[in-house]
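Chemist: I'll drop the sequence and a predicted model, then ask my questions.
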Amino acid sequence: MLSRLLALCLLMAGHPATAASPVEEPVDMSFRNWTTREGLLHDRVRTVLQTRDGFIWLATDAGLLRFDGSSFKAFTVHDGLHAPVVSALYEDAEGKLWIGTIGGGISVMAYNRIERTYTRTDGLPSEWITGFGLNPEGRLLANTWGGLALFDHDHFIAPPKNETEPEPILPIARDGEGTLWGIGHSCLRRWQDGQWKADPGGTSNATAMCVDHKGRLWAFFEDRLWCRDAGVWTSHEMPAGTGGLVNTLAEAPDGTIWIAVYRKGLHGFKDGRFITPAPTPGYSPDLMESVIVTRDGQIWLTSTYGLYRMSEQRIRFGIVDDPQAARVSNNLGGLLEISPGKFLLATQGNGFLVWQDERISRLDENPELGPEVFGNLLYRTTDGTLWLGGAKGLYKWHPDQESAVPIKQNLPIPDSASIWAMEETGDGTLWMGSTLGQLLRIRGDRIEKVEYGGRNEPIKALAVEKDGTVWVGTRGNGLFRQKDGVWSRLGRETGLLSEVIRTLYLDPDGHLWVGTDGGGVALFRGDRFVPISGEDGLPSDSVSQITTDDRGWLWLGTHRGLAAINRAEVDEVRQGRRTEVHPILVNHSNGLLSEECTIAPPVKCADGSWAFATVRGFFRLQPDDFQPDTSRPPVFLVKLLANGNPVELREEKIQLPPGTERLEFEYSGIFFKDPDRLKFRTQLTGLDSGWVQSGTRRSAEYRNPGPGTFRFEVQASTGNGLWSEQPAFVEIMIAPHFWQTWWFRLGAVAIFAGTIVFLARHAERRRSALRIEALERRQAVDNERARIARDLHDDVGASLTQVALQSQLVERNLIRRPERAGEYLKEIFKTARETTRALDEIVWAVNPTQDTLDNFVSFLGAFVQDYTRSAGLRSRFDVPETVPALAMPPTVRHHLYLASKEILHNVIKHAHASEVSLKVTMNDGCCVIVIRDNGSGFVEAPAAVGADGLLNLRSRLEQVRGTCSRSSTPGEGTSVEMRIPIDWDQG
């Protein structure tokens, strides 16, 4: 105790109390707040931790949250926590997250899954956890309501007691000299000679500490901030009323030490003075709990009102914050600085206002410049005259004058038109464009209307080059150019993506830039425009403002904030070597009240800043405060789904079963400054041929990948053209079905090859069979031709020879023996008739239309009738009413006909019959033909060799798969039956 008192006296002697408490300086800061409306489980956030992978983890009263700057991933009692209130977080050397809860013990998370929970049964003295730390040996300590617990392998034990000094339990810090420091029970101690000791000359008490980038130790207790630098302590008294319980200290990139005073707000110490965020609507400093600074320099606060992200405000706002003023007062159609810090505003509905130091006043009491007036134009000419264009008139005003002078009555435009655009040339000539498309030129006191070829579209912008070339930008009809006294129109055909022009700008080098609605910005080079749009890196395709700063950077005011393109990229665009750009963005993440810029041209202010008009007032910034972003954001795989089922991402190689037809990957990147700027690209080797640009989409899906080994990779970029140094990846091996294996495919190939060989051989055999059939058909045709020739020779030829011989006999006997000549003539007639019948039979046999069974039966009946009538015999017929019209081969017809003819010949020659009958029936797939006579008949007996006509009939019918049988009874006649199968296609 004596040593402590002595140390305190020395401390007081070295650091005398000041006469008055220091004054805290408010500083402008931008902030963003997340509550349950933005995805928090609970508005109270007790503590926050950034793990080595870059994610932020939030301990809330309803569970644990993982935050990537864009979305939250919740872990609650449904995911393995034993209690909803999370009170402490710690990441160990293996990357596991230790989660302390109120009433639920300690849960350990790995690979985004609760692996185990430790409770009283595992050695914890209490399941109410208040913090984590390390002992000097680097072993995990847990602080509970029942005391300390030391983690020993797979359980907790009571730590060794130190009777002289309390055990440090909060995270240990190592200063620049390598000294180990720790805090326990509000006591600050250093590790020396194997034990914790108080440091003489400094504070022995502290509730929070940190080490800055210079290696200095900072500690806080009650109302003082202490700093130990090279062994020397200094203290800094907090401003009156700001002290209290401090749980955390954190250093920002600019060296500011931020102090979160429990339930009293956030305070900073920078360059020997205390600062605090200036009061801002929505910011509640009285409910702060802790502060951390992430590795990208972002300041994070936990509070009862959710999570806050704070950053230095590099933007100053100019808004009409007057409850009596209309809301349209901040929708600006024109902006000018008329003196340092004093701005003239042309509002869209509240006339013309003067803004200075957050106070507003009316420019003029003229009602045509007052409330409900739409101000569309503010322009300053080289002589200092200000031109004010509104819906009710055009006015000239000089700051030295008391009121503006109207001149609209002198303009050759309709009363309903107003002036929207104005541009001055080097000789003082003024060009003006109206809302109804009239183009005016003012030279001295002379005002004239100029015809330029427009169609009465509103003129939104004008530009005049040094050589006198005039550019006119219209809303909907592109651009018009007057060069060397000749007007011409330029639109889509010359490279513009949109013909709705919003602004024109000539840069210091004389290059024309065109801002369009829907087509981005375009540079006029040569005789064409080079467009740059959202696909090329712009935040929006609507560009309303264009200017360049002193560095040569191109600033574009869009509907999604400002985009600043560095000089090198601008030069490459001018030279035609680049169209893709990587601008710095100024948007809501920088605190903008509105990202939508109006068509009022940017204004360079007296202090070197630039002012930009929006639909919610204007803002000012110093271009030098915005430097190129060279970060390469880390990227992570957060989920893998196979056929819709989650797969744990524990290993870099994952085996998936056969039948995996759909792979879904979810990924994320870390860029807390502006997470909406993150863009991604992916590739799945084995399917994708290269990187696939995914834009801001944070998922990728592949269908039917098939079996094999695949590697999925993803990279992220902030839009600066630089991608993650290391892609997040996972290798996936999809097992094949048995029919997708190599051995099955080899067997299938062999079977396929064998099948091909078999089919080829079968096809060859079939072709051979077809060739044989063709030869057989040709042989049949040849045989039929030979038969026809033979029949013609035997029947017709013989008969004609007989007729010739008989004709000679008639000639010889015609005079001497006329009666004999008459007999020869009768013989000639008989022979001619038989020849005609034979010829009819031959023609019938070769006629293809007769190749049916019904036609054959009809022909056979007619033949029997004619043949028997010529012999003086009667004939009877028994034929079915309908006979199938089956195709009948010529050979079958021929043999049946000849057999029938032979039977009739035998009847006439030998039977002595008076009647012949023909019967045709269809029976058992056969055609049965029976020819019967009523002649003398005979007794069946073996015939002499070569004398039995039945053998000839049988032989003939057997050639067509038929049969022939005969029956005869003496005195009753003879019957011959011929049976022919009608399935000729199988013959």
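Modeler: That came through fine.
Chemist: bridging residues for the closest residue to residue 345 other than its chain neighbours?
Modeler: Once its chain neighbours are removed from consideration, residue 345 has its nearest residue in residue 353; the separation is 4.6 Å (CB to CB, 6 or more residues apart in numbering). Placement of C-beta: from N, CA and C, glycine included. For residue 353, the residues forming beta bridges with it (DSSP bridges) are residue 345, residue 362.
Chemist: how confident was the prediction at residue 353?
Modeler: According to the model's per-residue confidence, residue 353 sits at a pLDDT of 92.
Chemist: residue 323 too?
Modeler: Per-residue confidence at residue 323 stands at 66 (pLDDT).
Chemist: report how many residues lie close to residue 612.
Modeler: Counted with other CB atoms under 10 Å, residues neighbouring residue 612 total 26.
Chemist: still on that earlier bit, what is the burial count for the residue nearest to residue 345?
Modeler: 23.
Chemist: how close does it get to residue 396?
Modeler: 18 Å (CB to CB, to the nearest Å).
Chemist: related to what we said a few turns ago, who touches the residue nearest to residue 345 in this structure?
Modeler: Listed by CB atoms under 8 Å, 6 or more residues apart in numbering, the contact partners of residue 353 are 320, 329, 344, 345, 347, 360, 361, 362, 363.
Chemist: is residue 951 in a helix, a strand, or coil?
Modeler: When the structure is split into helix, strand and coil by DSSP: H, G, I helix; E, B strand; the rest coil, residue 951 lands in helix.
Chemist: now the residue lying farthest from the centre of the chain. Its backbone dihedrals?
Modeler: For the chain, the C-alpha lying farthest from the average C-alpha position belongs to residue 816; by CA atoms, centre = their mean, that distance is 118.8 Å. Listed backbone geometry of residue 816 is phi -80, psi -40, with angles given as degrees, to the nearest 10.
Chemist: gap between it and residue 810?
Modeler: As for residue 816, its distance to residue 810 is 12 Å (criterion: CB to CB).
Chemist: try residue 954
Modeler: Using CB to CB, residue 954 is found at 44 Å from residue 810.
Chemist: now swap in residue 133 and tell me
Modeler: 150 Å.
Chemist: okay, the two: which has more neighbours?
Modeler: With other CB under 10 Å as the criterion, residue 133 and residue 810 differ in neighbour count, and residue 133 comes out ahead with 21 against 17.
Chemist: bridging residues for that one?
Modeler: Per DSSP bridges, the residues bridged to residue 133 are residue 141.
Chemist: all the helices of this structure, in order from the start?
Modeler: With DSSP state H applied, the chain shows helices at 2-14, 567-574, 742-791, 798-816, 818-846, 853-870, 890-906, 949-958, listed in chain order.
Chemist: related to what we said a few turns ago, need the contacts of residue 353 in JSON lines with distance to residue 392, neighbour count and pLDDT, can you?
Modeler: Formatted as JSON lines, the entries for the contacts of residue 353 read as follows, by distance: CB to CB, whole Å; neighbours: other CB atoms under 10 Å; pLDDT from 0 to 100:
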{"residue": "320", "distance to residue 392": "20", "neighbour count": "23", "pLDDT": "84"}
{"residue": "329", "distance to residue 392": "17", "neighbour count": "24", "pLDDT": "82"}
{"residue": "344", "distance to residue 392": "17", "neighbour count": "23", "pLDDT": "94"}
{"residue": "345", "distance to residue 392": "17", "neighbour count": "29", "pLDDT": "95"}
{"residue": "347", "distance to residue 392": "13", "neighbour count": "24", "pLDDT": "92"}
{"residue": "360", "distance to residue 392": "20", "neighbour count": "19", "pLDDT": "89"}
{"residue": "361", "distance to residue 392": "20", "neighbour count": "8", "pLDDT": "89"}
{"residue": "362", "distance to residue 392": "15", "neighbour count": "14", "pLDDT": "87"}
{"residue": "363", "distance to residue 392": "14", "neighbour count": "22", "pLDDT": "83"}
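Chemist: so which of these comes closest to residue 839?
Modeler: Each of those was checked against residue 839 using CB to CB; the closest is residue 347, at 117.8 Å.
Chemist: quick check: the closest one touching residue 327?
Modeler: No. The criterion here is CB atoms under 8 Å, and residue 347 misses it with residue 327 at 10.0 Å.
Chemist: any idea which residue sits dead centre in the protein?
Modeler: Centroid-nearest residue in the chain: residue 694, 6.8 Å away (criterion: CA atoms, centre = their mean).
Chemist: what residues are up against the closest residue to it other than its chain neighbours?
Modeler: With CB to CB, 6+ apart as the criterion, residue 694 has its nearest non-adjacent residue at 4.4 Å, and that residue is residue 680. Going by CB under 8 Å, 6+ apart, residue 680 touches 635, 667, 669, 694, 695, 696, 697, 698, 714, 715, 716, 717.
Chemist: just the ones of those in strands?
Modeler: By the criterion of DSSP state E, membership of these in strands covers 635, 667, 669, 694, 695, 714, 715, 716, 717.
Chemist: ok, the nearest residue to the fifth one once chain neighbours are set aside - how many residues close by?
Modeler: Right, the one you point to is residue 695. Residue nearest to residue 695 in three dimensions, not counting chain neighbours: residue 679, with 5.8 Å by CB to CB, 6+ apart. By the criterion of other CB under 10 Å, residue 679 has 18 neighbours.
Chemist: which residues pair with residue 679 across the strands?
Modeler: Per DSSP bridges, residues listed as beta-bridge partners of residue 679: residue 717.
Chemist: from residue 583, how far off is it?
Modeler: The separation that residue 679 has from residue 583, given CB to CB, amounts to 13 Å.
Chemist: now do the shared contacts for those two.
Modeler: For the pair residue 679 and residue 583, residues contacting each of them under the criterion CB under 8 Å, 6+ apart are residue 719.
Chemist: so who does residue 422 touch?
Modeler: Applying CB under 8 Å, 6+ apart, the residues near residue 422 are 377, 379, 387, 389, 430, 431, 432, 433, 462.
Chemist: apologies, that question was intended for residue 297.
Modeler: Residue 297 is in contact with 252, 253, counting by CB under 8 Å, 6+ apart.
Chemist: now swap in the one 10 residues further on and tell me
Modeler: Neighbouring residues of residue 307 by CB under 8 Å, 6+ apart: 33, 34, 40, 45, 48, 58, 67, 300, 301.
Chemist: 6 Å instead?
Modeler: When the contact criterion is CB atoms under 6 Å, 6 or more residues apart in numbering, the partners of residue 307 are 34, 45.
Chemist: can you get me the start-to-end distance on stretch 570-584?
Modeler: Its first and final residues considered, stretch 570-584 spans 13 Å by CA to CA, to the nearest Å.
Chemist: please compute how far that stretch lies from its chain's middle.
Modeler: 27 Å (CA atoms, centre = their mean, to the nearest Å).
Chemist: what does stretch 297-310 give?
Modeler: How far stretch 297-310 lies from its chain's middle: 34 Å, per CA atoms, centre = their mean.
Chemist: can we start the residue count at 35 from this point?
Modeler: Fine by me, first position is 35 from now on; the one you just mentioned is stretch 331-344.
Chemist: can you lay out the helices of the chain as JSON lines showing distance to residue 374?
Modeler: Listed next are these as JSON lines, based on distance: least, CB to CB, whole Å:
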{"stretch": "helix 36-48", "distance to residue 374": "47"}
{"stretch": "helix 601-608", "distance to residue 374": "28"}
{"stretch": "helix 776-825", "distance to residue 374": "81"}
{"stretch": "helix 832-850", "distance to residue 374": "138"}
{"stretch": "helix 852-880", "distance to residue 374": "122"}
{"stretch": "helix 887-904", "distance to residue 374": "120"}
{"stretch": "helix 924-940", "distance to residue 374": "120"}
{"stretch": "helix 983-992", "distance to residue 374": "131"}
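Chemist: what's the most buried one of those helices?
Modeler: helix 924-940 (a mean of 19; mean count of other CB atoms under 10 Å).
Chemist: just to revisit the earlier point, which two from the ones in strands among the contacts of residue 714 end up farthest apart in space?
Modeler: The largest distance within those, taken as CB to CB, falls between 669 and 729 and amounts to 14.4 Å.
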